[in-house]
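[1] got a sequence here, can you model it:
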Amino acid sequence: MTFQPIIPVGGIAGWQILQRTEESQRETYAASGQTKRDLDYFREKIGDIKTPEQLVGDFRLLRVALGAFGLDDDIGNKYFIKTVLEEGTTDDDALANKLSDKRYLALSKAFGFGDFDTPNTALSTFPNEIAAKFTDRSFETAVGQTNDDMRLALNMRREIGELAEASTSQTTKWFTILGTPPLRAVFEGALNLPTSFGSLPIDRQLEEIQIRAESVLGTSDPADLGSPERSELLIQRFLVSSSIEGSSGINSPAANALVLLGGR
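    Residues are numbered from 1 along each chain as shown. Model (predicted):
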């Protein structure tokens, strides 16, 4: 059975419908034939994987591994992924630490090939941990095939909750937001940051996004953004901002809605 998400409209109305039906849609997706087969195979085989070379050599395992971190498009970049995994995360010069996209860091840290003598694939809890990540991410991907804004909204809600609880500094959390493309896209839209924002030096980007978050959301601390209220405000502003791009300008209903959600 092929899963087809039900999202009849876009914008805030579509998001509200998705939230009301999300639990049942997730259950349907998890029970779909391809997803179940992929996860059964992963749980059966991943414990035998001891090296990055073995992982990238198994297409089905690699598809789940990359899908769990939103890196599906890298399925053909085997040498690159192998290097990310081999070098680990403990050395400042490791490739994963140098890449601006922090999803690679999360991937390498999760598998632990370059960080430990025995990788995390040997842990009894590891298969289910990755399976849960894959189910969440791949459901979001399926939703994105119907409406990409909804995919980004689901991703943001999940990731901002995890980031808010992380025991890292505010600055590190903001750099994670700036370095994670799906999260960054939502923040740029929700905070109405101009297209030129990405061309600024990274320290200036950090300063500007904190200033805008304080002004629009009432806080510049990512730990506060994990609350349901602020997370929902972020998503609604993002969806309205995205709608404005396809509407008739500053006097459109979408633009007026953005003003009601806290100004532009």
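[2] what residue spans form the domains of this protein?
    11-131, 171-260 (automatic domain parsing).
[3] my guess is Lys109 meets Thr89, correct?
    Yes. Assessed by C-beta atoms under 8 Å, Lys109 is found in contact with Thr89 at 4.8 Å. For the C-beta atoms, the positions are set from N, CA and C on the backbone; glycine is no exception.
[4] so these two - more neighbours on which side?
    When neighbours are counted by other C-beta atoms under 10 Å, Lys109 and Thr89 differ, and Thr89 comes out ahead with 20 against 15.
[5] shaky segments in the protein?
    Applying pLDDT under 70 to the chain flags residues 1-2, 246-264.
[6] go with 80
    Filtered on pLDDT under 80, the chain yields the residue ranges 1-3, 245-264.
[7] mind listing the helices for it?
    11-31, 33-45, 52-56, 59-67, 78-87, 95-98, 103-111, 126-144, 148-165, 170-178, 181-190, 202-217, 228-245, 253-260 (DSSP state H).
[8] could you dump those to CSV with distance to Ser196?
    Listed next are the helices of the chain as CSV, based on distance: least, C-beta to C-beta, whole Å:
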stretch, distance to Ser196
helix 11-31, 26
helix 33-45, 41
helix 52-56, 38
helix 59-67, 32
helix 78-87, 30
helix 95-98, 25
helix 103-111, 25
helix 126-144, 26
helix 148-165, 21
helix 170-178, 15
helix 181-190, 11
helix 202-217, 11
helix 228-245, 16
helix 253-260, 20
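[9] can you count the residues close to Pro101?
    Let me fix one detail, which is that residue 101 is Asp and not Pro. Count around Asp101 with other C-beta under 10 Å applied: 14.
[10] for it, give me phi and psi.
    phi -80, psi 110 (degrees, to the nearest 10).
[11] contact partners for the residue lying closest to Gly161 once chain neighbours are set aside?
    Once flanking residues are discounted, Gly161 sits nearest to Gly226: 4.7 Å by C-beta to C-beta, 6 or more residues apart in numbering. For Gly226, the contacting residues are Ile160, Gly161, Leu163, Ala164, Glu165, by C-beta atoms under 8 Å, 6 or more residues apart in numbering.
[12] how about the contacts made by the last one?
    Put plainly, it is Glu165. Ala223, Gly226.
[13] how far away is it from Lys173?
    10 Å (C-beta to C-beta, to the nearest Å).
[14] what touches both of these two?
    Joint contacts of Glu165 and Lys173 (C-beta under 8 Å, 6+ apart) are Ala223.
[15] residues near Gln19, how many?
    14.
[16] just Ala106 next, same as before
    So Ala106, with other C-beta under 10 Å, has 21 neighbours.
[17] check contacts around the closest residue to it other than its chain neighbours.
    In space, and not counting its chain neighbours, Ala106 is closest to Phe69: 5.6 Å by C-beta to C-beta, 6+ apart. By C-beta under 8 Å, 6+ apart, the contact set of Phe69 is Arg103, Tyr104, Ala106, Leu107, Ala110, Lys133, Arg137.
[18] same check, this time on Phe80
    Contacts of Phe80 by C-beta under 8 Å, 6+ apart are Asp74.
[19] okay, it and Phe197: tell me how far apart.
    28 Å.
[20] do Ile12 as well
    For Ile12, the distance to Phe197 - C-beta to C-beta - is 24 Å.
[21] again with Pro182
    Taken as C-beta to C-beta, the span from Pro182 to Phe197 is 16 Å.
[22] ok, Pro222 next?
    Going from Pro222 to Phe197 by C-beta to C-beta gives 18 Å.
[23] between the two, who's got more neighbours?
    Pro222 (24 against 18).
[24] if you drop the residues flanking it in sequence, what lies closest to that one?
    Counting by C-beta to C-beta, 6+ apart, the residue nearest Pro222 is Lys173, at 3.9 Å.
[25] OK, contacts around the one you found?
    Leu163, Ala164, Ala166, Pro222, Ala223.
[26] list buried residues within those.
    Among the contacts of Lys173, the ones that count as buried by 16 or more other C-beta atoms under 10 Å are Leu163, Ala164, Pro222.
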